[in-house]
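**Student:** Can you look at this prediction? I've put the sequence above it.
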Amino acid sequence: MTARTHAVNPAATADVVLIGGGIMSATLGSIIRQLEPGWDISVYERLDRAGMESSDPWNNAGTGHSALCELNYTPAGPDGSVNPVKAIGINEQFQVSRQFWSHMVSNGHIGSPQKFIHPLPHMSFVWGGDSAEYLRRRYEALKPQPLFETIEHTEDHSTLAEWAPLLMNGRDDNQRVAASRVPGGTDIDFGALTRELIGYMEKNDVDLNFGTDVTDVARAGDGRWDVSVEDRATGEKNTVRARFVFIGAGGGALHLLQKTGIEEGKGFGGFPVSGQFMRCGNEEVVDQHLAKVYGLAGPGAPPMSVPHLDTRYVNGKRSLLFGPYAGFSTKFLKRGSLMDLPMSLRPSNLVPMLAAGKDNLDLTKYLVSEVIKSRGSKNESLREFYPEANSGDWELITAGQRVQVIKRDPKKGGVLQFGTEMITSADGSIGALLGASPGASTAAPIMFDMLKRCFPAQASSWEPKLKDMIPGYGIRLNENPQLAREIMSETAKVLQLQ
């Protein structure tokens, strides 16, 4: 079946329509505005403010996912060895994002970096002999890599007590523990960053529309796209005809992708995962922990459920966050509908959905067990990390929804993948992003990649400007140690991380 065509006469036109007001659309819009100042760009967001769903600081981990501490990016192989390739790739992507943010700050396009990014050590922490041995092998695999050359490792209790006192106070002196640390990590408020980028777009004549639902995306007779929108407050409807459309609506992207009817979007499904965090604002406790500390996921747990005890900076205030405690909801957005999952079923994705469900029964059981877990059980999970935790210092908050990608697989029928998936039409006139982690931290390289795929004719003319934005554009920093050090030092200076 070909993409549907739309006969409505548009009330407006745009060169680019960005659906969703999160970090992805904000990043893409900020890049396009600099590459093509004369293009008309329109943004449509259903909520009344940018960065309020998955980009909101309380709805995501906010680590600046760079594989410094996230152990799911360096799983042990069957022989116990650790392959650093995936971690290196994610760190490379994060360095591109850092260069882009540095460019935006140094050119005065956005405000003080202290509004959205803070220096913070990243740590991995485990206990037990097998886990300690794994972490040592991980350290040995990463230490020779230029992007990870500052990583440190210890099993010494006193050293760990200096790095992160809350982890060690009250812990059994005979328990074997291990930790790796990279001092130069970050904490990022992606909601604040999104709003900074949106502010730049607003100052540069981008048409911003909040409180606006996108109800349909259909191919127009002239090959462009008719984007149907509705004002949530007044009910007023309109149609915008666009040369290029990006669907960056987080959990809402799948439904809109399905509406386009493009062949490349067939067969995709979504598996929603919700979650909760514990949050602590007690300054006496907060002042004792200055790090992001990630552990190992439990048996059957999805990667996004890796437990972590994090320092967070939100609106200039430090807090601690622990979790997540996974859950299940049929909503695709935190402010979505319980009908989101059933309404996403199509003949083209039914087989992949059923196949992925059959192969992930352990995950389903895990999510059910998490949903019914008592507050007391959640407190016990916290005390495995922080032995002297007082439950009265911690409140339970609901995190954002994550919709994991289910896609066709020639052998299994369908697979569930924990990552991001970029879908573009054959003619490059429309693109969509599905999935979750590492997501926001790698927004810049993902959007650069989308531009290359969707605008090949402009690639050569854009390259000088792209290299101006990203000094390491097209270069693998891990294979160029001196350049890596120079770029990382410069971005750290601009972003006030030193």
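**Tutor:** Happy to help now that I have it.

**Student:** Residues touching stretch 332-347, excluding its own?
**Tutor:** Defining contact as CB atoms under 8 Å, 6 or more residues apart in numbering, one finds that stretch 332-347 is touched by 47, 53, 59, 250-252, 254-255, 258, 266, 269-270, 272, 329-331, 353, 398, 400-401, 403. All C-beta atoms are positioned from the backbone trio N, CA, C, and that covers glycine.

**Student:** Mind checking which of these are buried?
**Tutor:** 47, 53, 59, 250-252, 254-255, 258, 266, 269-270, 272, 329-331, 353, 400-401, 403 (16 or more other CB atoms under 10 Å).

**Student:** all strands of the stretch 301-450 of the chain, in order?
**Tutor:** Assigned by DSSP state E, counting those that start in this stretch, the stretch 301-450 of the chain shows strands spanning 308-314, 317-327, 394-398, 402-409, 413-417, 420-424, 430-435.

**Student:** Of those strands, flag the one that's most buried.
**Tutor:** For the strands of the stretch 301-450 of the chain, the largest average neighbour count (mean count of other CB atoms under 10 Å) is found in strand 430-435, namely a mean of 25.

**Student:** Please name every helix or strand in contact with it.
**Tutor:** Judged by 3 or more CB pairs under 8 Å, 6 or more residues apart in numbering; DSSP states H and E, strand 430-435 is in contact with strand 237-247, helix 253-260, strand 402-409, strand 420-424, helix 443-454.

**Student:** Turn those into JSON lines, columns for distance to residue 179 and mean pLDDT.
**Tutor:** Shown next, in JSON lines, are the helices and strands packed on strand 430-435 (distance: least, CB to CB, whole Å; pLDDT from 0 to 100):
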{"stretch": "strand 237-247", "distance to residue 179": "40", "mean pLDDT": "97"}
{"stretch": "helix 253-260", "distance to residue 179": "37", "mean pLDDT": "92"}
{"stretch": "strand 402-409", "distance to residue 179": "27", "mean pLDDT": "82"}
{"stretch": "strand 420-424", "distance to residue 179": "29", "mean pLDDT": "90"}
{"stretch": "helix 443-454", "distance to residue 179": "29", "mean pLDDT": "95"}
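
**Student:** And the ones you listed: which comes nearest residue 104?
**Tutor:** Set against residue 104 and scored by CB to CB, the helices and strands packed on strand 430-435 come closest in helix 443-454, at 9.9 Å.

**Student:** which residues are contacting the next helix or strand after the closest one?
**Tutor:** Counting by DSSP states H and E, the next helix or strand C-terminal to helix 443-454 is helix 459-469. The contact list for helix 459-469, computed with CB under 8 Å, 6+ apart, reads 31, 34-35, 99-100, 103, 448, 451-452, 455, 473-474.

**Student:** Quick one: residues contacting the residue nearest to residue 379 when sequence neighbours are not counted.
**Tutor:** In space, and not counting its chain neighbours, residue 379 is closest to residue 391: 4.6 Å by CB to CB, 6 or more residues apart in numbering. Counting by CB under 8 Å, 6+ apart, residue 391 touches 375, 379, 382.

**Student:** where in the stretch 51-200 of the chain is pLDDT low?
**Tutor:** 61-64 (pLDDT under 70).

**Student:** can you give me the helices in it?
**Tutor:** 85-106, 129-142, 157-163, 165-168, 190-203 (DSSP state H, counting those that start in this stretch).

**Student:** Dump those helices into CSV; add distance to residue 430 as well.
**Tutor:** CSV is the format used below for these (distance: least, CB to CB, whole Å):
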stretch, distance to residue 430
helix 85-106, 23
helix 129-142, 39
helix 157-163, 47
helix 165-168, 47
helix 190-203, 20
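
**Student:** for the spatially most distant residue from the centre of the chain, what are its contacts?
**Tutor:** Computed with CA atoms, centre = their mean, the residue of the chain farthest from its C-alpha average is residue 174, at 37.7 Å. The contact partners of residue 174, taken as CB under 8 Å, 6+ apart, number zero.

**Student:** again, but for the one 10 residues further on
**Tutor:** Counting by CB under 8 Å, 6+ apart, residue 184 touches 119, 121, 150, 488, 492, 497.

**Student:** now whatever helix or strand residue 275 lives in: mean pLDDT?
**Tutor:** Assigned by DSSP H and E, residue 275 belongs to strand 269-280. Mean pLDDT, strand 269-280: 85.

**Student:** which residues of the stretch 201-350 of the chain score low on pLDDT?
**Tutor:** In the stretch 201-350 of the chain the weaker segments, taking pLDDT under 70 as the threshold, are 299-304.

**Student:** again, only using 90
**Tutor:** The stretch 201-350 of the chain contains residues with pLDDT under 90 at 249-254, 267-277, 297-307, 315-316, 323-350.

**Student:** For residue 236, the count of nearby residues, please.
**Tutor:** 10 (other CB atoms under 10 Å).
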